[in-house]
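# I need the structure of the sequence given here:
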Amino acid sequence: MKNSGSGGEKTTTGLNFEKKVDLQILLSKIPGYELKKITGKAGICVFFEGKIVARRFRKNEFYKFLEENNIKWQAVISKKLLPDDALFVIVREPLFGIEVKYQQVAGSVDEKLQTCDFKRKQYLKLVNPLGLKVEYVYVLNDWFKKPHYKDVLDYIMSVNCHYKFNELPLAWLGLPVKQATDV
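Take a look at the predicted model:
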């Protein structure tokens, strides 16, 4: 899953950037994957070659998933966190909190990157009754490769969070990939 561009594509807005890294759109384009809404289940179910491998939640859908599992979020945390994407990878049992951050000029996103430890710990509290691990990852554009982001990127890693530039590899998430066949 890669967001790369050339020429005018690099001048997209943050909203367009987020659409380009939307998991539902990207997964649906990968051979072997199918995404379906299943009645009574929160979010979207992700199938690979006919077998459910993950569930994808956006914003409030994550809290519907908690309700399905009899977790009353208000008894665990004081305020909702609304992830860009949350992906529960069934085969590995982690919940990935995925935040897309796109910048073209310095701004408030700089400070938001420093909140990953708090958010990861909040998600851990929420899914603790389910025995899930939590991985928190930022998908960043090239703006964040500038040298003055070194400290914040080092911090992200030091608190067991992650960042990727422009893409989120399936293998890193623990999702299956269709094997190439020899002809």
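
# What segments of this structure are helices?
14-20, 23-28, 61-68, 109-112, 116-127, 150-158, 170-173 (DSSP state H).

# I'd like those helices as JSON lines, with distance to residue 139 and mean pLDDT appended.
Every C-beta, even on glycine, is put in place using the N, C-alpha and C of the backbone. Shown next, in JSON lines, are those (distance: least, CB to CB, whole Å; pLDDT from 0 to 100):
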{"stretch": "helix 14-20", "distance to residue 139": "9", "mean pLDDT": "48"}
{"stretch": "helix 23-28", "distance to residue 139": "10", "mean pLDDT": "79"}
{"stretch": "helix 61-68", "distance to residue 139": "17", "mean pLDDT": "95"}
{"stretch": "helix 109-112", "distance to residue 139": "12", "mean pLDDT": "80"}
{"stretch": "helix 116-127", "distance to residue 139": "12", "mean pLDDT": "96"}
{"stretch": "helix 150-158", "distance to residue 139": "12", "mean pLDDT": "96"}
{"stretch": "helix 170-173", "distance to residue 139": "11", "mean pLDDT": "88"}
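
# Turn the ones you listed into a markdown table, columns for mean neighbour count.
Output for those, formatted as a markdown table (neighbours: other CB atoms under 10 Å):
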| stretch | mean neighbour count |
| --- | --- |
| helix 14-20 | 16 |
| helix 23-28 | 17 |
| helix 61-68 | 18 |
| helix 109-112 | 13 |
| helix 116-127 | 18 |
| helix 150-158 | 13 |
| helix 170-173 | 14 |
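
# could these go into TSV alongside distance to residue 93?
Listed next are the helices of the chain as TSV, based on distance: least, CB to CB, whole Å:
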stretch	distance to residue 93
helix 14-20	27
helix 23-28	18
helix 61-68	14
helix 109-112	27
helix 116-127	10
helix 150-158	22
helix 170-173	12
